[in-house]
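# Next input, structure requested:
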Amino acid sequence: MRFLFKLYNRHFSKHKNLVNKLRPLLGFTPVNISLFKLAFSHKSNNSEKSYAIRNNERLEYLGDAVLGTIVAEYLFKKYPSGNEGFLTKMRSKIVRRKSLNDIGDKMGLDMLLSEFNTTKLSKSMLGNAVEALVGAVYMEKGYNATKKFVIQRILRNYIDIHQLEELDENYKSQLLEYCQKNGQNVGYKVVARYKFEKRDRFKVAVLIDGVQIAYADDFNKKSAEQTASSRAINQLGINVSEEEPA
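Numbers count the residues shown, from 1 in each chain. You can find the predicted model right below:
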């Protein structure tokens, strides 16, 4: 029966164009088309007066949890001698918002999002769509097939795992270490909080000895602090590698 549904979706359904765009991404022909349409529907399309859930937030929530579990298992098996701290950092590097946004961009999800959304696309919508897509695959195929999809279609195609091993993006830690060596104090301050895409967004400034050096905006305060720290490092011309002890 599923074979007949797949055949119909691929050749006769009114959504056959969507199905044939999804097949190279997924590695299979989806049966529940409405599920995958929902994965690319952003909440900004909902009417303020509508109480029906017709966006990808729930799939994003599910996909976030499933993706985190799959990545954790993948790293656990790939690095049998890796300690908890190393595995946690590696997982964070893979599932952080910037990485997911980049993955969504490389997957070409902007083309699919543009079909189902009237609002202007943002970077964060790409990462959200990656999570929602994982959630949709999980609902359609179950855990084992989703694990295969994530590892073969996402991790191996869009993540350079060995490059991530060497990547240190804890900019707060780097800036703090530099300032401590130079007898300076680092602080962070939320200078603004506002609504963007119906979500709270934070503008955070990084201060050194009370002087604002840089700032950044993000939906998450910790992410904004990291970005502001990165900008401060660049602005101050700090070469982190030269600051490390010999």
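
# Now do the lengthiest helix in the chain: which elements does it pack against?
With DSSP state H applied, the helix covering the greatest number of residues in the chain is identified as helix 57-78. Secondary structure elements in contact with helix 57-78, counted by 3 or more CB pairs under 8 Å, 6 or more residues apart in numbering; DSSP states H and E, are helix 33-39, helix 84-95, helix 123-141, helix 143-149. The C-beta positions use only the backbone N, C-alpha and C, and glycine is treated the same way.

# And the pLDDT for the residue nearest the centre of the chain?
Nearest to the mean C-alpha position of the chain, by CA atoms, centre = their mean, lies Leu100 at 2.8 Å. For Leu100, the pLDDT comes out at 95.

# Need the CA coordinates for the one helix or strand it maps to. PDB is fine.
Assessed by DSSP states H and E, Leu100 sits inside helix 97-107. The C-alpha atoms that make up helix 97-107 are tabulated as PDB, following Å, rounded to 0.1, in the frame of the first residue of the first chain:
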ATOM      1  CA  ARG A  97      21.800  27.600  15.500                       C
ATOM      2  CA  LYS A  98      24.500  28.900  13.200                       C
ATOM      3  CA  SER A  99      25.500  25.400  12.000                       C
ATOM      4  CA  LEU A 100      21.800  24.500  11.400                       C
ATOM      5  CA  ASN A 101      21.300  27.800   9.500                       C
ATOM      6  CA  ASP A 102      24.300  27.000   7.300                       C
ATOM      7  CA  ILE A 103      23.100  23.400   6.700                       C
ATOM      8  CA  GLY A 104      19.700  24.600   5.700                       C
ATOM      9  CA  ASP A 105      21.300  27.000   3.300                       C
ATOM     10  CA  LYS A 106      23.500  24.300   1.700                       C
ATOM     11  CA  MET A 107      20.500  22.000   1.400                       C
END
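
# helix or strand right after it?
Per DSSP H and E, the first helix or strand lying C-terminal to helix 97-107 is helix 109-116.
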